[in-house]
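J.: dropping a prediction and its sequence here:
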Amino acid sequence: MKKHIFLIGFMGVGKTTVSQKLSELMSADEIDTDAVIVRESGMPISEMFEKYGEEYFRGRETDLLRRLRTYSPAVISCGGGCVLREENVTVMRECGTIVLLTAEPRTVYFRVSGGDSRPILNGHMNVDYIAGLMEQRRPAYEGACDFSVRTDGKRPGQIAREILARVTDSGSLGTVEK
Ligand code: S3P
């Protein structure tokens, strides 16, 4: 493995669980951008949004993605809004393959509705809101990715194997040098 694999997609599509499986399959490191931001800042994301606002959080995401350019190749699970800044997408393209995970709004709702750790959805936890935001973000997700994988009704291991097959076939595990 010579470059990163970035997993992108809406909240609740399974980026974190799939990236753990994929990193096991590939014997690679796994990095979760949200988890790193929480660890480095010492506060949960919802508290960061509350205290400093969304833009502050987005700035930390951009800062982390820039730093990842110098890390050894890893499977990277990206927060659902990472693709909203064009600069972030440019950095990801530079140093990795970008894989979009998708799920139906109803599937996402079932996966995320039990928690309140996602400030973007707090106060809007319903299928219609999720569907609307997903549609709004769709161009950013689809425009950023090298390929996409549907996750509805699939187990994390199966999704990870699908991704591995695609990256191996396309030779996208090759060198990052352009
Ligand atoms: C966000 C997604 C979250 C987290 C933050 C904002 C978003 O990550 O980064 O709450 O804007 O979609 P997950 O996609 O891992 O839930």
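T.: Here it is on my side, so go on.
J.: could you pull out the helices in the chain for me?
T.: 15-26, 33-41, 45-52, 54-68, 86-95, 105-112, 127-144, 156-169 (DSSP state H).
J.: out of the ones you listed, which one sits most buried?
T.: helix 15-26 (a mean of 20; mean count of other C-beta atoms under 10 Å). Just so you know, the C-beta spots here come from the backbone N, C-alpha and C atoms, and that holds for glycine as well.
J.: tell me which parts of this structure are close to the ligand?
T.: 11, 15, 34, 45, 79-81, 118-120 (C-beta under 6 Å from any ligand atom).
J.: a markdown table for the residues you listed, including pLDDT?
T.: Formatted as a markdown table, these follow (pLDDT from 0 to 100):
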| residue | pLDDT |
| --- | --- |
| M11 | 98 |
| K15 | 98 |
| D34 | 98 |
| I45 | 97 |
| G79 | 98 |
| G80 | 98 |
| G81 | 98 |
| R118 | 95 |
| P119 | 96 |
| I120 | 97 |
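J.: what's the most distant pair in those residues?
T.: Pairwise distances across the residues of the chain next to the ligand peak at 17.3 Å for K15 and P119 (criterion: C-beta to C-beta).
J.: coming back round to it: could you turn the buried ones of the residues of the chain next to the ligand into a PyMOL selection?
T.: Here is the PyMOL command that selects the buried residues among the residues of the chain next to the ligand (16 or more other C-beta atoms under 10 Å):
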select buried, resi 11+15+34+45+79+80+81+118+119+120
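J.: can you put the residues of the chain next to the ligand in a markdown table and add distance to Y129?
T.: Formatted as a markdown table, the residues of the chain next to the ligand follow (distance: C-beta to C-beta, whole Å):
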| residue | distance to Y129 |
| --- | --- |
| M11 | 12 |
| K15 | 20 |
| D34 | 21 |
| I45 | 19 |
| G79 | 18 |
| G80 | 14 |
| G81 | 15 |
| R118 | 12 |
| P119 | 13 |
| I120 | 10 |
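J.: can you tell me what sits against the longest strand anywhere in the chain?
T.: When the chain is parsed with DSSP state E, its longest strand is strand 96-102. Contact with strand 96-102 is made by 3-10, 13-15, 18, 73, 76, 89, 92, 141-142, 144-151, 159, 163, 166-167, 172-173, 176, as judged by C-beta atoms under 8 Å, 6 or more residues apart in numbering.
J.: show me what that strand pairs with in its sheet, parallel or antiparallel.
T.: Strand 96-102 has the following strand partners under DSSP bridges: strand 4-8 (parallel), strand 147-150 (parallel).
J.: tell me the angle that strand makes with helix 86-95.
T.: 120 degrees (axes from the mean of the first three to the mean of the last three C-alpha atoms, to 10 degrees).
J.: how far off helix 156-169 does strand 96-102 point, in degrees?
T.: For strand 96-102 against helix 156-169, the angle by the same axes, to 10 degrees is 140 degrees.
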